[in-house]
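Visitor: What shape does this take:
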Amino acid sequence: MSKPDLTNNLSWLFLQASFRSKQTLMRLAEEYDLSLPQLYTLVFMEPENPLQMNEIAAILHCDPSNVTGIIDRMFAGKYIERQEKPNDRRARLVALTPEGIKLRDVITSRIAENQPKIFDNLNDEQKLELTDLLKKLLAQSPSLLQ
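Guide: Now for the predicted structure:
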């Protein structure tokens, strides 16, 4: 059986680009003593919108048991707090603390200011076009596997 040629395969090229961009986020996470899943959680959480653990698991595309460890480490760092869900004391919510909001603001600003070098080969028009295309892809497909 011959090896498939992935030279012009859109999925493979997109995956390679994603890995290169991920390296920038990994360096940023390390700078703030966070794991990559912690950084993702921090950025995806909105300050005024506490989330349930299963919602965080869905955002991260991982098992809820993995989220417990991520949240425990963020709790120890005082970036999040646990809250009771109104009208349902069995359910627990996770919310950003003032310290978590501050760190989220710094990280989101750094992400916006420091695009990975992978985009240097694109002109401004191409960057806008790619941004629009990625927004379309992400709006259509919330899951990696369908």
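Visitor: what are the pairing partners of the helix or strand bottoming out on mean pLDDT in the chain, and which direction each?
Guide: Lowest by mean pLDDT, DSSP states H and E among the helices and strands of the chain is strand 88-96, with a mean of 85. Within its sheet, and counting by DSSP bridges, strand 88-96 is paired with strand 51-52 (antiparallel), strand 80-85 (antiparallel).
Visitor: buried residues in that strand?
Guide: Within strand 88-96, the residues scored as buried using 16 or more other Cβ atoms under 10 Å are 93-96. (Glycine included, C-beta is placed from N, CA and C.)
Visitor: and the strand or helix carrying S21, how far from the chain's centre?
Guide: For S21, the element it lies in under DSSP states H and E is helix 10-31. Remark: helix 10-31 is offset 11 Å from the chain centroid, using Cα atoms, centre = their mean, to the nearest Å.
Visitor: need the contact list for the residue sitting nearest the centre point of the chain.
Guide: The centre of the chain sits closest to Y40, judged by Cα atoms, centre = their mean, with a distance of 3.2 Å. Counting by Cβ atoms under 8 Å, 6 or more residues apart in numbering, Y40 makes contact with 59-60.
Visitor: Show the model's pLDDT score for it.
Guide: With respect to pLDDT, Y40 scores 94.
Visitor: before we move on, what about R82?
Guide: R82 is given a pLDDT of 90.
Visitor: Quick check: the gap between it and Q52.
Guide: The gap separating R82 from Q52 is 11 Å, by Cβ to Cβ, to the nearest Å.
Visitor: Overlap in contacts, these two.
Guide: With Cβ under 8 Å, 6+ apart as the test, R82 and Q52 both reach 92-94.
Visitor: how about the residues you listed in CSV, adding distance to K136?
Guide: Below are these laid out as CSV (distance: Cβ to Cβ, whole Å):
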residue, distance to K136
R92, 35
L93, 32
V94, 30
